[in-house]
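Asks: Sequence first, then the predicted structure, then my questions.
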Amino acid sequence: MIDTDVKVLAAGIANTLEKHVEEEVDNHPLWASRYLSSKPEAVYKTHLDFLNAGSDVFSTFTYQASVAGFVEHQKTSEAEAVGLIKRSVELAKRAIRDYKLENRHRLDRLTNPEPLVAGSVGSYAAYLHDGSEYSGPSYAHQKNLDHILEWHKMRIDALVEAGADFLAIETCPAAREAQLLLDYLGAHHPEAKAWVAFSCKNDGKSIVDGSSFKETALQLYRKSKPGQLIGLGANCIPPKDTTPLLKSLSQRETGVFIPLVAYPNSGETFCTETGKYIKSCVHYPPEEFVKEWLDLGVRYIGGCCRTTTDDIKRVSTQVQNWKKLHSPTT
């Protein structure tokens, strides 16, 4: 019997958030996380927008957040910075409570009656704000990455302590960085769960640091604490470039079923020189890939940068159609 427990996720928050903050979100060292202090109601409303679009999982506004980043760019204390990271989870959970209360008389008819909060854990490269999470970070092959782990620790601790349902280690450009974070979780938060989604090249086989996507993912899967790693995949790359990566981790290729994660961008390419997205002459929206990806073993699916609530609605519709096709009662 096919496992049809598929979650639709929303991580492409910037376009929707801009409607509530009435300004451009991109091109800031803290990206969307700066609004955790200045416009928390906009954060809350953005979460509600994605819940109403059908998201089962949505990310906290912490992809580009860090204690060091808040201290540097918003002049907070370390304690205040930790509080802002925890606030990201609180705002997400408040949105879920209000969504369920608003829909209390029809919860049994919703496609997402029990939404989950993914604590977003962006890479150290995202903190550097140089676009290297898409091109390959300078630290990827350094002998000692202790400083990278130290930078991550306080955010991870805060997200777990605040009650995120699991962590989304995402747009990860370095194999060793992913392993460091999973090792830290296994040692210090053994009950916490996480998925890892890599930032990859357009060659269908490599993480942007040059490591093999397939071999890195399999190593993480084999070494992780049982039950802690809930998914592996890629995010924030064009949908057409995502498919070969997923195929390499499919049960047909590996001999084992690994829940896969796929949340591509809108199909546009990020230009590290300008900090802007460039539209391709051939556009493949994420929803066109849903059936193929679910057949390959994707169980967390959605959209990342430049995707909107409309994209999530279309993805959700395709997911529901696939579930009906594979339901034991059909």
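Replies: Structure received.
Asks: In the stretch 51-200 of the chain, mark out all the helices, start to finish.
Replies: 67-74, 78-102, 124-128, 132-135, 146-162, 175-188 (DSSP state H, counting those that start in this stretch).
Asks: wait, which of those helices is closest to S38?
Replies: helix 67-74 (8.6 Å; C-beta to C-beta). For glycine as for every other residue, the C-beta is placed from the backbone atoms N, C-alpha and C.
Asks: Tell me which residues of the closest one come out buried.
Replies: Residues of helix 67-74 classed as buried: V67, A68, G69, F70, Q74 (neighbour count, 16 or more other C-beta atoms under 10 Å).
Asks: so what's K86 up against?
Replies: Neighbouring residues of K86 by C-beta atoms under 8 Å, 6 or more residues apart in numbering: A158, L159, E161, A162.
Asks: Is it correct that S37 falls within a strand?
Replies: No: assignment of S37 by DSSP: H, G, I helix; E, B strand; the rest coil gives helix, placing it outside any strand.
Asks: quick one: contacts for it?
Replies: F70, Q74, T76, L84.
Asks: Please repeat the previous calculation with a cut-off of 6 Å.
Replies: L84 (C-beta atoms under 6 Å, 6 or more residues apart in numbering).
Asks: neighbours of the nearest residue to L260 once chain neighbours are set aside, just the number please.
Replies: In space, and not counting its chain neighbours, L260 is closest to V298: 4.3 Å by C-beta to C-beta, 6 or more residues apart in numbering. Using other C-beta atoms under 10 Å, V298 has 25 other residues around it.
Asks: Surely V298 touches F257?
Replies: No: contact criterion C-beta atoms under 6 Å: V298 and F257 do not qualify, at 11.5 Å.
Asks: what stretches of the chain score poorly on pLDDT?
Replies: 1-2, 267-286, 329-330 (pLDDT under 70).
Asks: how about the strands of it, start to end?
Replies: Ranges of strands within the chain are 7-10, 57-59, 116-121, 166-172, 194-198, 229-235, 260-263, 269-271, 276-278, 298-303, based on DSSP state E.
Asks: partners of the fifth one in the sheet?
Replies: Strands that pair with strand 194-198, judged by DSSP bridges, come out as strand 166-172 (parallel), strand 229-235 (parallel).
Asks: Now do that strand: everything it contacts.
Replies: 166-170, 172, 178, 207, 230-235, 261.
Asks: Report the angle between it and strand 298-303.
Replies: 60 degrees (axes from the mean of the first three to the mean of the last three C-alpha atoms, to 10 degrees).
Asks: can you give me how far strand 194-198 is from the chain middle?
Replies: In terms of C-alpha atoms, centre = their mean, to the nearest Å, the centre of strand 194-198 is set 7 Å apart from its chain centre.
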